[in-house]
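> here is my input; please provide its structure:
(chains A, B, C and D)
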Number of protein chains: 2
Amino acid sequence: MARSRVGIADVAAAAGVSISTVSVALNGVEGARVSAETRERVRSTAESLGYTPNRLARGLRQRSSGIMGFLGENVATTPYAVRMILGAQEALRSAGRLMVLMDTGGDPALESREIMSLRQHQVDGILYASMFHRRVRLPDRLREVPVVLVDAETEDEAVSWVVPDEDAGARAAVGELVAHGHRRIGFVTNEDDIPATRLRLRGYEAARAAAGIPADPTLVSAGPPSTEGGYRGARALLDRVDRPTGLFCFSDVMAMGAFRAATDAGLRIPDDVSIVGYDNLREVAVGLFPGLTTVELPHYEMGAWAARRLIELTSPMPPPAAHARLRGRLIRRESVTTPPHG
Amino acid sequence: MARSRVGIADVAAAAGVSISTVSVALNGVEGARVSAETRERVRSTAESLGYTPNRLARGLRQRSSGIMGFLGENVATTPYAVRMILGAQEALRSAGRLMVLMDTGGDPALESREIMSLRQHQVDGILYASMFHRRVRLPDRLREVPVVLVDAETEDEAVSWVVPDEDAGARAAVGELVAHGHRRIGFVTNEDDIPATRLRLRGYEAARAAAGIPADPTLVSAGPPSTEGGYRGARALLDRVDRPTGLFCFSDVMAMGAFRAATDAGLRIPDDVSIVGYDNLREVAVGLFPGLTTVELPHYEMGAWAARRLIELTSPMPPPAAHARLRGRLIRRESVTTPPHG
DNA sequence: ACTATGTGCCGAAACGTTTTGTCAAAAGGT
DNA sequence: ACCTTTTGACAAAACGTTTCGGCACATAGT
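A predicted model of the protein is given here:
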């Protein structure tokens, strides 16, 4: 890189002051000790010389690089996860920090090396991100660094984390169906044992109970979290004589399968069956016909929350650990209407 | 961050040698000047002290941070673009570099500030990435820095760039239809004036000509690059009496529309009409039924190519600029078969 | 007039490395 | 035995900042 040939010393010489004065003037240090006039002169000569500070040098002196690490397992596989990265990056940017991105590919050995690398570069803190909501064990190497987990929880109460409020999301989704008058509502869910599965089921049950609808476990159909799994789960429910009029699907990808299942069963969406998804995976949700009503995952917000938190953690007076469950919005499109026959 | 309390000086003291010897020993500097025995002793004491070098200090001295910048416009909007980032990151990692990620959001003022920020942090070079293949003007601020464009071309012959080989991709897509015996092949394309539009059309024509199929401009139907646009374009072609037996779609999202168009027109895929997409947008391509045969965009490879190139550019003897057009693979799924009636 | 108290600025010491030049001792050549 | 080279190591000078302590000088207080 064409190095900033002009350093603080050049500015000092040109302005006829000492190096320390330049530093103090440019940084607007609090115990001011420099006249307004000098400060102005320094500022303008710095400007005209095209001076740009060298953050490496400053970092060395201040023992803080101004850089945070973002460590994720499989960043590339999960399309919406980028929003998490973006949320973090923008929050960091507005605090004058940079973010270096690393993908561990889920390999613990690699992860360990990458943490080392980040530490050698003197990052001020690390965002440790999961690509889906789960419980993780914090790598030992991260113990001695300010760290915030994104889309993941951990046992250690002393570490901060942020996850989606799955329960509220599911309540919102089912609530939308209830609000349209649905009483028989199926849940096409994921069979994996992850927090989202358990919590969305809880939200589904809560919304049902709140609406005074009696429990019916046969309305819950679990399968693999794929389009295919969604197809099967939905098909099983829609082929019943007392088929549900509304379907809440664990994910948009599963909802995509539910759409096909409805079509194959000769049912129109939303007239014969209303469908709500989860994730707001844009390409899918708007690409489907009709557009899919779904619950957005607060990826951007989680990234931003975690980044802000991390910055606080690296301040002189770090606050105690905090944990957040962030709500995602319900995105209304055209896949929900009132149930048939009234 | 819990600073590396132990520095090179501590190692020197513990090993009973001078600081410079430690540096030389640990870095395995070429004009060796240090006995094997001493080197080993230094290495082991460094190890046992848990010494980790401070890259900030080294960077300051060597005038090179070991960090590259990745500057993109709207990283979050384009799901598959992450692979580009990943490709770059992994290539950089294997060369011992870190990558800081910045999203400009398409705002030139912000972009300019971000470039400044990167330069202050003494990044060794910058990857300037577009989220779709296009021609860009290089920001002035980037003129004085080693830079490689990713998924973008520019006028200046002196700057390196890498883009997908759209022409070859389209030829592969259409060739797949030809190979299955199709002779009437429609092209549902994008109406936007971007390189991909022009080049994929060229590839379509080339494949057609190569198969000895006479030109028929009415088989090309352009529309907005959305599911809706794909629906319209495909519908227009499929409603003709002499409807094509195969459809090449500009993108997977448009192909998603074509799928619906075929269904609405009472045609089965692939028995009545074969469809090929472009992009290999996973959620869509595997979520569709049947699975969509499509051409992959070489995002990962472009990121990796650009990163390797950038590293070379920052070497003592930088090579001249180079430009690459990378091919994407054809991904075969189930949406293509032989044409009906023979 | 003489001490206290600010003010405005500066010199020099960090921060943790790499790198250059030097030097003593050992080895090798005649 | 003497000169030359090689070897192994080191001291010190960078790299570009921030920051601490202090020094003049002015202002104010008695």
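> can you map out the helices along chain A?
A:8-15, A:19-27, A:36-49, A:55-62, A:81-94, A:108-120, A:166-179, A:195-210, A:227-238, A:252-264, A:282-287, A:299-313 (DSSP state H).
> let's have those helices in a markdown table, adding distance to residue B:83, mean neighbour count and mean pLDDT.
C-beta: built from backbone N, CA, C; applies to glycine. Output for those, formatted as a markdown table (distance: least, C-beta to C-beta, whole Å; neighbours: other C-beta atoms under 10 Å in any protein chain shown; pLDDT from 0 to 100):
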| stretch | distance to residue B:83 | mean neighbour count | mean pLDDT |
| --- | --- | --- | --- |
| helix A:8-15 | 42 | 18 | 95 |
| helix A:19-27 | 41 | 18 | 94 |
| helix A:36-49 | 41 | 15 | 94 |
| helix A:55-62 | 30 | 19 | 97 |
| helix A:81-94 | 11 | 23 | 95 |
| helix A:108-120 | 18 | 17 | 96 |
| helix A:166-179 | 28 | 22 | 98 |
| helix A:195-210 | 25 | 19 | 98 |
| helix A:227-238 | 21 | 24 | 97 |
| helix A:252-264 | 18 | 25 | 96 |
| helix A:282-287 | 15 | 23 | 88 |
| helix A:299-313 | 18 | 24 | 97 |
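> what does the stretch 51-200 of chain A put close to DNA strand D?
Contact residues (C-beta under 7 Å from any atom of the strand) of the stretch 51-200 of chain A with DNA strand D: A:51, A:52, A:53, A:54, A:57, A:58, A:60, A:61, A:62.
> so residue A:205 versus residue A:199, what's the distance?
Residue A:205 sits 11 Å away from residue A:199, going by C-beta to C-beta, to the nearest Å.
> show me what contacts the one residue sitting closest to the centre of chain A?
In chain A, the residue lying closest to the centroid (C-alpha atoms, centre = their mean) is residue A:299, at 2.6 Å. By C-beta atoms under 8 Å, 6 or more residues apart in numbering or on different chains, the contact list for residue A:299 reads A:80, A:81, A:83, A:84, A:87, A:151.
> quick check: it vs residue A:280, distance?
Using C-beta to C-beta, residue A:299 is found at 9 Å from residue A:280.
> mind listing the shared neighbours of those two?
residue A:80.
> how distant is stretch A:167-175 from the center of its chain?
Averaging C-alpha positions (C-alpha atoms, centre = their mean, to the nearest Å) puts stretch A:167-175 19 Å from its chain's average.
> name the residues that touch it?
Contacts for stretch A:167-175 (C-beta under 8 Å, 6+ apart): A:185, A:199-204, A:206-208, A:210, A:248, A:276-278, A:294-295, A:297, A:325, A:327-328, A:330.
> at 7 Å instead, please
Applying C-beta atoms under 7 Å, 6 or more residues apart in numbering or on different chains, the contact partners of stretch A:167-175 are A:185, A:199-200, A:202-204, A:206-208, A:248, A:276, A:278, A:295, A:327-328, A:330.
> thinking again about what came up before, and the contacts of residue A:299 as a markdown table, adding distance to residue A:131?
Output for the contacts of residue A:299, formatted as a markdown table (distance: C-beta to C-beta, whole Å):
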| residue | distance to residue A:131 |
| --- | --- |
| A:80 | 9 |
| A:81 | 5 |
| A:83 | 12 |
| A:84 | 8 |
| A:87 | 14 |
| A:151 | 7 |
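> what's the closest of the residues you listed to residue B:303?
residue A:81 (16.6 Å; C-beta to C-beta).
> tell me the spacing between that closest one and chain B.
8 Å (C-beta to the nearest C-beta, to the nearest Å).
> which ones are touching that residue?
By C-beta under 7 Å, 6+ apart, the contact list for residue A:81 reads A:75, A:131, A:299.
> nearest to chain B, out of the residues you listed: which one, please.
Nearest to chain B, judged by C-beta to the nearest C-beta, of the contacts of residue A:81 is residue A:75 at 6.2 Å.
> how many other residues sit next to that closest one?
Neighbourhood size, residue A:75 [other C-beta atoms under 10 Å in any protein chain shown]: 24.
> OK, contacts around the closest residue to residue A:302 other than its chain neighbours?
Nearest in space to residue A:302, with sequence neighbours left out and distances taken as C-beta to C-beta, 6 or more residues apart in numbering or on different chains, is residue A:162 at 4.9 Å. The contact partners of residue A:162, taken as C-beta under 7 Å, 6+ apart, are A:150, A:302, A:305, A:306, A:324, A:326.
> isn't residue A:66 right next to residue A:97, touching?
Yes: if you go by C-beta atoms under 7 Å, residue A:66 and residue A:97 touch, sitting 5.5 Å apart.
> the more surrounded of these two?
For the pair residue A:66 and residue A:97, the greater number of neighbours falls to residue A:97 (24 against 20), based on other C-beta under 10 Å.
> would you confirm that the more buried one contacts residue A:69?
No: the pair residue A:97 / residue A:69 is not scored as a contact, 10.7 Å apart, by C-beta under 7 Å.
> quick check: neighbours shared by those two?
Both residue A:97 and residue A:69 lack any common contact, where contact means C-beta under 7 Å, 6+ apart.
> so who does residue A:6 touch?
For residue A:6, the contacting residues are A:49, A:50, A:51, by C-beta under 7 Å, 6+ apart.
> now residue A:18
residue A:12.
> quick check: residue A:235 touching residue A:261?
Yes: at 4.3 Å, residue A:235 and residue A:261 qualify as touching, with contact defined as C-beta under 7 Å.
> what does chain A have sitting close to DNA strand C?
A:16-21, A:24, A:32-35, A:37-38, A:57, A:60-61, A:63.
> how about the contacts of residue A:6 in JSON lines, adding distance to residue B:337?
Formatted as JSON lines, those follow (distance: C-beta to C-beta, whole Å):
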{"residue": "A:49", "distance to residue B:337": "69"}
{"residue": "A:50", "distance to residue B:337": "64"}
{"residue": "A:51", "distance to residue B:337": "67"}
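> closest to residue A:266 out of the residues you listed?
residue A:50 (71.2 Å).
> what's around that closest one, how many residues?
Counted with other C-beta under 10 Å, the neighbours of residue A:50 add up to 9.
> for the residue nearest to it when sequence neighbours are not counted, give me phi and psi.
Closest residue in space to residue A:50, ignoring its immediate chain neighbours: residue A:6 at 6.3 Å, by C-beta to C-beta, 6+ apart. When read as degrees, to the nearest 10, the backbone of residue A:6 gives phi -90, psi 120.
> what about residue A:6, distance to chain B?
From residue A:6 across to chain B, the span is 13 Å (C-beta to the nearest C-beta).
> and if you look at residue A:286?
As for residue A:286, its distance to chain B is 7 Å (criterion: C-beta to the nearest C-beta).
> cool, residue A:42 as well?
Taking C-beta to the nearest C-beta as the measure, residue A:42 falls 18 Å from chain B.
> and residue A:162, by the same measure?
Distance from residue A:162 to chain B, counting by C-beta to the nearest C-beta: 18 Å.
> any idea of the pLDDT on that residue?
On pLDDT, residue A:162 comes in at 98.
> kindly report the same for residue A:1.
On pLDDT, residue A:1 comes in at 44.
> ok, and what's touching stretch A:111-122?
Under C-beta under 7 Å, 6+ apart, the answer for stretch A:111-122 is A:59, A:65, A:67, A:69, A:71, A:102, A:104, A:126, A:139, A:141-142, A:145, B:1, B:52-56, B:98.
> sorry, slip of the keys, the one I care about is stretch A:45-59.
A:4, A:6-7, A:10-11, A:14-15, A:26, A:65-66, A:122, B:56, B:59-60, B:65, B:116, B:119-122.
> what's the straight distance from one end of that stretch to the other?
By C-alpha to C-alpha, to the nearest Å, the extent of stretch A:45-59 from end to end equals 24 Å.
> and that stretch, how far from the chain's centre?
Stretch A:45-59 sits 35 Å away from the centroid of its parent chain (C-alpha atoms, centre = their mean).
> likewise for stretch A:60-73?
Computed by C-alpha atoms, centre = their mean, the separation of stretch A:60-73 from the middle of its chain amounts to 20 Å.
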